[in-house]
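Trainee: A structural model of the following input is requested.
(4 chains)
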Number of protein chains: 2
Amino acid sequence: MSANEPVSILSLAILGLVAQKPMSGYDLRKVFTTTPMGHYSNSPGAIYPALRRLERQGLVESIVERPHELRPRQVFAITEAGRKSLVAVLREPVTRGEGALRLDRLLLRFAFMDAYLERAEIVAFLEQLAEEVDDYVKYLRQVESELPGTPESCGRLALEHGIEGIQATARWARRAIKRIENKEP
Amino acid sequence: MSANEPVSILSLAILGLVAQKPMSGYDLRKVFTTTPMGHYSNSPGAIYPALRRLERQGLVESIVERPHELRPRQVFAITEAGRKSLVAVLREPVTRGEGALRLDRLLLRFAFMDAYLERAEIVAFLEQLAEEVDDYVKYLRQVESELPGTPESCGRLALEHGIEGIQATARWARRAIKRIENKEP
DNA sequence: CGATACATGTAACCGGTTACATGATTTT
DNA sequence: AAAATCATGTAACCGGTTACATGTATCG
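Mentor: Down below sits the predicted model:
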């Protein structure tokens, strides 16, 4: 729909956060520095420009508190367009862009879902994710089988690490489905 | 030692690859596009500049094949300084830079180790890794315990995904240690 | 009241992505 | 010989990191 979607994963994280409640750049920075969300970068030189971009796209709007003082405080809130755009991102199908499953982006989307999507949609997302992950495991096993080197070679072991990590993801997704489905409405 | 170290993770991947055998930019691109190494970006606009940087740093050197033709082929090989620098990177201690364990970089380093490091060093690396990962799990559990929301809330589930993923890493590391130690010399 | 920590940003640099360009080789 | 594909790159743009700047509250 709208061509105005948050482009980077950090923008998406910010959009999801200000959707929960309006925040200043500093508030956001605190979230990123004090929680594992910091995985998506916690530097002010990333956050403030991202907020400007989101504002330019009309996805967030800001009100300036204490406008007459020298150090004003700018609080950003999501707009209706922003909410629409966020939901659209949450609803994107689960695919491998360029052969690599961008798990961090997918998980970030998932983390914001329960505020906006029906339970059935969330479950469908997890089912797609589990399928894609299974496919990816198959591909990695294929690669492994063609790999030269002994079973103790570091390259092979590193690949096995990758395989086991995403197998853990598949198990998690299926368990999450059950947890969500068994929850009383 | 040398202040000339490969800066980005992609540079490190390239350095490790040309250390195995000399390759052209195109050869490298093929590796990145056809294997899971593509995780570290497979775009020519990243690879060629990275090669230039490595060359400027003296970590790789190139010979131009078919120099008189219009489309020459430039093959890059690691230098002695490059090999030293690579080994220095492989020997870096396992730490959390800015609170986030950069697993992808650590695993990339690991993948290149067996050509250059003693078995004992590799095992020590894995032990450090397992410890750091255990610490990180503790931190994440702490975060989880302070998280509001029901056990089925998406945010909590996403965090659990992270926890389980790095627990899988810890198990992998300990299993890899055993595999390497039990290998006959 | 001076020092320290908290709050709120800006600017320069740099690495990566996307899109484009162009020469050689193979296929039809 | 034209079309398609392989091989080898370049350029513009853009997002992120690092380092710096400056204002406000707090604490000794």
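
Trainee: and A:Leu51, what does it touch?
Mentor: By CB atoms under 8 Å, 6 or more residues apart in numbering or on different chains, the residues touching A:Leu51 are A:Ile14, A:Gly25, A:Leu28, A:Val60, A:Ser62, A:Phe76. Quick note: C-beta positions are derived from backbone N, CA and C, even for glycine.

Trainee: didn't the fourth one look like it was pressed against A:Val18?
Mentor: Meaning A:Val60. Yes: counting by CB atoms under 8 Å, A:Val18 is a contact partner of A:Val60 at 5.7 Å.

Trainee: so what sits against both of the two?
Mentor: By CB under 8 Å, 6+ apart, the residues touching both A:Val60 and A:Val18 are A:Phe76, A:Ala77, A:Ile78, A:Gly82.

Trainee: Could you pick out the buried ones from those?
Mentor: A:Phe76, A:Ile78, A:Gly82 (16 or more other CB atoms under 10 Å in any protein chain shown).

Trainee: among the helices and strands of chain A, which one scores worst on average pLDDT?
Mentor: strand A:60-65 (a mean of 88; mean pLDDT, DSSP states H and E).

Trainee: Partner strands of the very next helix or strand once past that strand, with direction?
Mentor: Heading C-terminal from strand A:60-65, the first helix or strand you meet, by DSSP states H and E, is strand A:73-78. Note on strand A:73-78: by DSSP bridges, its sheet partners are strand A:23-24 (antiparallel), strand A:60-65 (antiparallel).

Trainee: As CSV, these with distance to B:Tyr139 and mean neighbour count would be great.
Mentor: Formatted as CSV, the strands paired with strand A:73-78 follow (distance: least, CB to CB, whole Å; neighbours: other CB atoms under 10 Å in any protein chain shown):
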stretch, distance to B:Tyr139, mean neighbour count
strand A:23-24, 23, 18
strand A:60-65, 30, 16
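
Trainee: Present these as a markdown table; the columns should include distance to DNA strand C.
Mentor: Below are the strands paired with strand A:73-78 laid out as a markdown table (distance: least, CB to the nearest atom of the strand, whole Å):
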| stretch | distance to DNA strand C |
| --- | --- |
| strand A:23-24 | 5 |
| strand A:60-65 | 8 |
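
Trainee: Save the ones you listed as TSV, and put in distance to A:Arg53 too.
Mentor: Output for those, formatted as TSV (distance: least, CB to CB, whole Å):
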stretch	distance to A:Arg53
strand A:23-24	16
strand A:60-65	10
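
Trainee: quick one, which of these is nearest to A:Leu157?
Mentor: strand A:23-24 (42.8 Å; CB to CB).

Trainee: picking that back up, how about the strands paired with strand A:73-78, which one is nearest B:Leu86?
Mentor: Nearest of these (CB to CB): strand A:23-24, 43.3 Å.

Trainee: The longest helix along chain A packs against which elements?
Mentor: Scanning chain A for the helix with the most residues, using DSSP state H, yields helix A:154-182. Contacts defined by 3 or more CB pairs under 8 Å, 6 or more residues apart in numbering or on different chains; DSSP states H and E place helix A:154-182 against helix A:119-145, helix B:103-113, helix B:154-182.

Trainee: Now the shortest one: buried residues?
Mentor: Read that as helix B:103-113. Buried residues in helix B:103-113, counting neighbours by 16+ other CB under 10 Å, are found at B:Leu103, B:Arg105, B:Leu106, B:Leu107, B:Leu108, B:Arg109, B:Phe110, B:Ala111, B:Phe112, B:Met113.

Trainee: what residue is smack in the middle of chain A?
Mentor: Nearest residue to the geometric centre of chain A (CA atoms, centre = their mean): A:Leu108, 2.0 Å.

Trainee: show me the contacts for it.
Mentor: Counting by CB under 8 Å, 6+ apart, A:Leu108 touches A:Ile9, A:Leu12, A:Ala13, A:Gly16, A:Tyr40, B:Ala158.

Trainee: what's near enough to touch the second one?
Mentor: Contact criterion CB under 8 Å, 6+ apart gives A:Pro6, A:Leu86, A:Val89, A:Arg105, A:Leu108, A:Arg109 as the residues in contact with A:Leu12.

Trainee: Make TSV from those residues and add pLDDT and distance to A:Tyr139 to it.
Mentor: Listed next are the contacts of A:Leu12 as TSV, based on pLDDT from 0 to 100; distance: CB to CB, whole Å:
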residue	pLDDT	distance to A:Tyr139
A:Pro6	80	29
A:Leu86	96	31
A:Val89	94	26
A:Arg105	93	19
A:Leu108	96	23
A:Arg109	96	23
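
Trainee: Would you mind listing where chain A has pLDDT under the threshold?
Mentor: Within chain A, the stretches with pLDDT under 70 are A:1-3, A:66-70, A:97-99, A:185.

Trainee: between the contacts of A:Leu51, which is closest to DNA strand D?
Mentor: In terms of CB to the nearest atom of the strand, no member of the contacts of A:Leu51 lies closer to DNA strand D than A:Ile14, at 9.1 Å.

Trainee: number of nearby residues for the closest one?
Mentor: 29 (other CB atoms under 10 Å in any protein chain shown).

Trainee: one step back: output the helices and strands packed on helix A:154-182 as CSV; include the columns distance to B:Val123.
Mentor: Converted to CSV, those look like this (distance: least, CB to CB, whole Å):
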stretch, distance to B:Val123
helix A:119-145, 22
helix B:103-113, 10
helix B:154-182, 5
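
Trainee: which of these is buried the deepest?
Mentor: Stretch with highest mean neighbour count among the helices and strands packed on helix A:154-182: helix B:103-113 (a mean of 20; mean count of other CB atoms under 10 Å in any protein chain shown).

Trainee: Tell me what angle it forms with helix B:119-145.
Mentor: Helix B:103-113 and helix B:119-145 are oriented at 170 degrees to each other (axes from the mean of the first three to the mean of the last three CA atoms, to 10 degrees).
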